[in-house]
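Engineer: Curious how this folds, go ahead:
(one chain, ligands or ions: 1)
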Amino acid sequence: MLINLIAGDSSKELAKKISKKINANLVRSEVKVFPDGESKITLKGKLSKNKTIVVQSIFPPVDSNLIHTLSLISRAKECSKEVVLVTPYLGYARQDTEFLPGEIVTMKVLGQLFKGVGASKVIVVDIHSKIGLKYLKIKSKNISAIPDLVRYFKKIILKNPLVVSPDQGGKERAQEFADKFGSDFIALKKQRNRKTGRVQIKTEGLDEVRNRDVILVDDMISTGGSIIKATEFLKKHNCNRVFVACTHALLMNDAKKKIKRSGVTRIISTNTIPGKTSVVDISSTIAKAIK
Ligand code: R5P
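Structural biologist: Predicted coordinates:
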């Protein structure tokens, strides 16, 4: 049974790679944005009644990519008996809790929308927190990019490497990286001001980083604030080089420049979001999860 795979506009290259690996009927999509900001989305091929996979990461412009995703699912559901959404980077995943009174848990809204337009399953890569998954009222699978990132890092010659999570929330991720990489790990204590977004590192003393190459492991980089504060802290404690391994490199505005300026030697990310740092291909891992 030949399944269909729709390549969303934000994930064209990744979708093509996945489609080859699962031998799917690749259907491209085209987006035209009108001067008033509305989008016209066109499918450039026919869908069969068989299962359809929609591949689309929801990165900036997040709201536009979200409406594109919903439109693709809706169209796929008109033709196919089953629609699976593969959204390697799921925007809004950090909005999974009412952190301050009155904040809307947008992940809950996304859960309703995906189900409402006809998806029966969502596959996501390294969701910010597993809390988000509970709002997807359909089947869901969160896959880890850590094995792919580790494989890449094994090719780099490092001096007595230490894996570091910039915060306690990323501890499990860093532990998985360290176990597979064969090194030890630590997790810093980060505090973010929920009103201003400002980040501070609250860890006290840190002898174990002296003269060691550090791999900072995080799920995503947005403004770069977390990585910059962690790097400054580690450098102050006399570490050697700092490398960053992250799944989703959003790198908003001049984040990359600021991260480099803070002393990071290299940022390595996956192609859930296309970009210059996205050198780790995650398509095989996604293809395996689809099968
Ligand atoms: C936070 O808990 C996440 O794991 C990331 O560390 C954070 O979202 C990255 O954002 P930014 O680059 O803006 O600090």
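
Engineer: Assign S29 to helix, strand or coil.
Structural biologist: strand (DSSP: H, G, I helix; E, B strand; the rest coil).

Engineer: is it in a bridge, and if so with what?
Structural biologist: L43 (DSSP bridges).

Engineer: which ones are touching T52?
Structural biologist: Contacts for T52 (C-beta atoms under 8 Å, 6 or more residues apart in numbering) come out as I3, N4, L5, I6, A76, C79, S80, E82, V83, V84. No exception for glycine: its C-beta is placed from N, CA and C like everyone else's.

Engineer: Oh, that last question was meant for K154, not what I typed.
Structural biologist: F181.

Engineer: Do me a favour and average the pLDDT over the longest helix belonging to the chain.
Structural biologist: Using DSSP state H to assign secondary structure, the helix with the most residues in the chain is helix 62-79. The average pLDDT within helix 62-79 is 97.

Engineer: Enumerate the residues of this protein near the ligand.
Structural biologist: Within reach of the ligand by C-beta under 6 Å from any ligand atom, the chain has these residues: 94, 166-167, 169-170, 199, 218-226.

Engineer: circling back: for whatever helix or strand comes next after the longest helix of the chain, C-alpha coordinates in PDB please.
Structural biologist: As assigned by DSSP states H and E, the chain's next helix or strand after helix 62-79 is strand 83-86. C-alpha atoms of strand 83-86 as PDB (Å, rounded to 0.1, in the frame of the first residue of the first chain):
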ATOM      1  CA  VAL A  83      -3.900  11.300   8.600                       C
ATOM      2  CA  VAL A  84      -0.800  11.400  10.700                       C
ATOM      3  CA  LEU A  85       0.900  14.700  11.400                       C
ATOM      4  CA  VAL A  86       4.700  14.700  11.700                       C
END
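
Engineer: ok, V217 touching S165?
Structural biologist: Yes - counting by C-beta atoms under 8 Å, V217 touches S165, with 5.9 Å between them.

Engineer: Ramachandran coordinates for T247?
Structural biologist: phi -80, psi -50 (degrees, to the nearest 10).

Engineer: Can you read off the pLDDT for it?
Structural biologist: pLDDT, T247: 98.

Engineer: May I ask you to confirm that it is in contact with H128?
Structural biologist: No - under the criterion of C-beta under 8 Å, T247 is not in contact with H128, lying 9.9 Å apart.

Engineer: higher neighbour count, these two?
Structural biologist: Applying other C-beta atoms under 10 Å to T247 and H128 shows that T247 carries more neighbours, namely 28 against 21.

Engineer: any shared contact partners between T247 and H128?
Structural biologist: D219, M220.

Engineer: re the thing from before, looking at V217 and S165, which has the bigger crowd around it?
Structural biologist: V217 (29 against 24).
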